[in-house]
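Asks: starting from these lines, generate the structure:
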Amino acid sequence: MEDKNANHLGHMVVLASWLAIFCLFGFRSSFSILQVPMSKGLGWQSSQLTLGYSLMMTVYAITAYFSGMIIDKWGTKPAYAIGSVCAALGFIVTSYAQSYLSYLIPYAIFAGVGTGMLWVSSTVSVRKWYVGKSYASMWGIAFMGAPVAQVVLSLAIKQTLKFTDWRVAMRGLGVVVFIVLVIAALVAKKNPQYYNLEPFGMVSNKAKGPKVEEKIWTLKEAFSIFPIWGAILAFLGSMLGEFLIWTQVVKFWTNDVKMSLSSATNLYVIIGIAGIITMPLMGRVADKMVVKYNNNEAKGRKAMLIFAPVIGLLACGLLLLSKTSIVFGVIACILFATYWAIEPGGVAGYAASIYGNRTLGKIWGTATLIVMGIGPAVGSFMGAYLYDKSGSYFNSIIFAACAFIFSAVIATILPLSIKSNATLTSNKAQNL
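Replies: Numbers count the residues shown, from 1 in each chain. This is a model prediction of the structure:
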């Protein structure tokens with residue numbers, strides 16, 4: 001295949017991932033804003049509403065496990081197609097909620113399945129096409145869908161709420177995610193091997209000597225060694241802190257800092273605006289770290305995984321200082337955007353540098369099941385719970401800061417390799 005055609009296929013993969021990420025993070029950014037009018041309209045406490053989000057993330061994690069297996073065999077098209085229907089229903093059906101169960105059940109199930117089809121599929125598909133010194137740069141472009149969603153959808157919801165209620169806003173979001181994910185399914189491509197291509201960015205492409213096939217890992221083999229557990233623990237710590245902040249920060253500003261919802265939303269949007277810049281920028285930085293360490297990808301990714309939660313910790317401190325000056329709040333938003341640009345894609349890149357791409361879908365899908373089944377649910381719920389108990393978000397932010405510290409500590413002990421005879425095998429190895 002000509003280089004230009006191969007590049008076109010790779011770019012379509014990145015575009016499809018961008019669209020999927022846009023919808024995935026549309027759920028997260030919208031919840032932080034919609035929970036304020038929902039709480040007032042339905043008369044429920046913050047922890048009650050956040051429980052729905054936590055359950056949604058639990059279903060998301062379970063679904064992510066199965067989506068990883070889909071990716072390894074059939075690529076992302078089926079995942080995005082399923083996601084388009086379920087994600088849309090997650091918004092639309094929930095908008096008609098009158099009782100607590102009629103909110104919890106459809107939001108948890110439909111939104112959980114819909115979003116669960118998006119994260120592993122988008123991350124792994126980009127990784128399968130781009131590796132080594134190319135991965136983080138291309139993932140940074142794909143991940144730009146997240147801050148764009150945060151900016152565009154947050155501002156759209158803000159304007160919509162001026163003229164109507166949260167129910168209409170949710171229905172509009174349902175239509176948007178359906179259309180966007182249908183487009184993603186149409187432009188998505190299968191794995192590069194289907195087109196007789198190798199991933200872009202492979203240093204070994206120009207190396208002399210016979211090509212060595214990647215190991216086909218079983219889940220038992222992959223999870224019997226420390227690297228994946230180290231990646232899981234580092235990612236889990238960051239997710240506890242990250243999701244606590246994302247889901248509660250708007251309410252922190254409206255309740256603790258005494259901002260109006262409009263002003264708090266504008267400040268929240270700064271994270272997205274900054275992210276549009278930091279996503280591709282930090283992707284380039286991460287790939288340069290790989291080159292700096294003589295194309296030792298595991299070493300470069302590990303360095304960034306130590307750096308990211310330290311930035312998150314600093315941002316938590318500045319968030320508390322935003323009570324004294326909005327300038328601290330703005331700087332905190334920029335730092336959160338910087339952390340955000342590194343951690344999620346970086347930890348997947350680290351895992352891929354250890355285990356390879358061939359069976360990355362099921363390995364990372366299982367890891368996501370563990371991390372996302374615990375981190376977002378516990379982090380977001382603890383943020384709301386600690387607030388309900390104390391009437392302030394101080395303890396919640398301290399909890400997030402401790403989670404970031406835990407992530408940084410674990411990242412420092414991540415191994416850089418495993419025994420060579422455990423990394424390579426013949427094509428006769430069987431899939432789990």
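
Asks: right, and Ala400 touches Leu244 too?
Replies: Yes - using CB atoms under 8 Å, Ala400 makes contact with Leu244 at a distance of 4.5 Å. To be clear about C-beta, it is placed using only N, CA and C from the backbone, and glycine gets the same treatment.

Asks: overlap in contacts, those two.
Replies: Taking CB atoms under 8 Å, 6 or more residues apart in numbering as the contact rule, the neighbours common to Ala400 and Leu244 are 379, 383.

Asks: report the buried residues of the one helix or strand Val409 maps to.
Replies: According to DSSP states H and E, Val409 maps onto helix 394-412. Neighbour-count burial for helix 394-412, counted by 16 or more other CB atoms under 10 Å, picks out 396-397, 399-401, 403-408, 410-411.

Asks: could you identify the most distant pair in those residues?
Replies: Taking CB to CB as the measure, the buried residues of helix 394-412 reach their widest spread between Ser396 and Ala411, a distance of 23.3 Å.

Asks: most centrally placed residue in this protein?
Replies: Pro344 (5.4 Å; CA atoms, centre = their mean).

Asks: what values do phi and psi take at that one?
Replies: Dihedral angles of Pro344 (phi, psi; degrees, to the nearest 10) stand at phi -60, psi -50.

Asks: hang on, the earlier thing: columns distance to Gly90 and pLDDT on top of the buried residues of helix 394-412, output as CSV?
Replies: Putting the buried residues of helix 394-412 into CSV (distance: CB to CB, whole Å; pLDDT from 0 to 100) gives the following:
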residue, distance to Gly90, pLDDT
Ser396, 26, 95
Ile397, 29, 95
Phe399, 27, 96
Ala400, 26, 96
Ala401, 31, 97
Ala403, 27, 97
Phe404, 29, 97
Ile405, 34, 97
Phe406, 31, 97
Ser407, 29, 97
Ala408, 34, 97
Ile410, 32, 97
Ala411, 33, 97
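
Asks: turn these into a markdown table, including distance to Asn7.
Replies: Listed next are the buried residues of helix 394-412 as a markdown table, based on distance: CB to CB, whole Å:
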| residue | distance to Asn7 |
| --- | --- |
| Ser396 | 46 |
| Ile397 | 44 |
| Phe399 | 45 |
| Ala400 | 40 |
| Ala401 | 43 |
| Ala403 | 40 |
| Phe404 | 37 |
| Ile405 | 42 |
| Phe406 | 40 |
| Ser407 | 35 |
| Ala408 | 37 |
| Ile410 | 37 |
| Ala411 | 33 |
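
Asks: ranges for the helices of the stretch 101-250 of the chain?
Replies: All helices of the stretch 101-250 of the chain, identified by DSSP state H, counting those that start in this stretch, fall at 112-116, 119-129, 132-143, 145-163, 166-187, 219-222, 226-255.

Asks: nearest to Asn5 among the ones you listed would be which one?
Replies: Closest to Asn5 of these, according to CB to CB: helix 119-129, at 13.5 Å.

Asks: can you give me the offset of that closest one from its chain's centre?
Replies: The chain centroid and the centroid of helix 119-129 are separated by 11 Å under CA atoms, centre = their mean, to the nearest Å.

Asks: quick one, phi psi at Asn295?
Replies: The phi/psi pair for Asn295 (degrees, to the nearest 10) reads phi 60, psi 20.

Asks: any figure for the gap between it and Val131?
Replies: 11 Å (CB to CB, to the nearest Å).

Asks: ditto for Thr368
Replies: Thr368 sits 19 Å away from Val131, going by CB to CB.

Asks: ok, now Ile334?
Replies: In terms of CB to CB, Ile334 sits 30 Å off from Val131.

Asks: one more: Gly373?
Replies: For Gly373, the distance to Val131 equals 28 Å [CB to CB].

Asks: looking at these two, which is more packed in?
Replies: Neighbours were counted for Gly373 and for Val131 using other CB atoms under 10 Å; Val131 has more, 24 against 19.

Asks: quick one: that one and Arg358 touch, right?
Replies: No - here Val131 does not reach Arg358: they are 11.7 Å apart, not a contact under CB under 8 Å.

Asks: residue boundaries of the strands in the stretch 1-150 of the chain?
Replies: Here the stretch 1-150 of the chain has no strands by DSSP state E, counting those that start in this stretch.

Asks: point out where it drops to low pLDDT.
Replies: 1-2 (pLDDT under 70).

Asks: please apply the same query to the stretch 151-300 of the chain.
Replies: Short version for the stretch 151-300 of the chain, where the test is pLDDT under 70: 202-213.

Asks: re earlier: which of the buried residues of helix 394-412 lies closest to Ile33?
Replies: Ser396 (17.9 Å).

Asks: doesn't Tyr387 make contact with that closest one?
Replies: Yes - counting by CB under 8 Å, Ser396 does reach Tyr387; the two are 5.6 Å apart.

Asks: what do the two both touch?
Replies: Shared contacts of Ser396 and Tyr387, counting by CB under 8 Å, 6+ apart, come down to Gln248.

Asks: can you redo the helices of the stretch 101-250 of the chain as a markdown table with mean neighbour count and distance to Ile354?
Replies: Shown next, in a markdown table, are the helices of the stretch 101-250 of the chain (neighbours: other CB atoms under 10 Å; distance: least, CB to CB, whole Å):
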| stretch | mean neighbour count | distance to Ile354 |
| --- | --- | --- |
| helix 112-116 | 28 | 24 |
| helix 119-129 | 29 | 12 |
| helix 132-143 | 25 | 13 |
| helix 145-163 | 19 | 25 |
| helix 166-187 | 20 | 29 |
| helix 219-222 | 16 | 9 |
| helix 226-255 | 24 | 5 |
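
Asks: isn't Tyr135 up against Asp287?
Replies: Yes - the criterion here is CB under 8 Å, and Tyr135 meets it with Asp287 at 7.0 Å.
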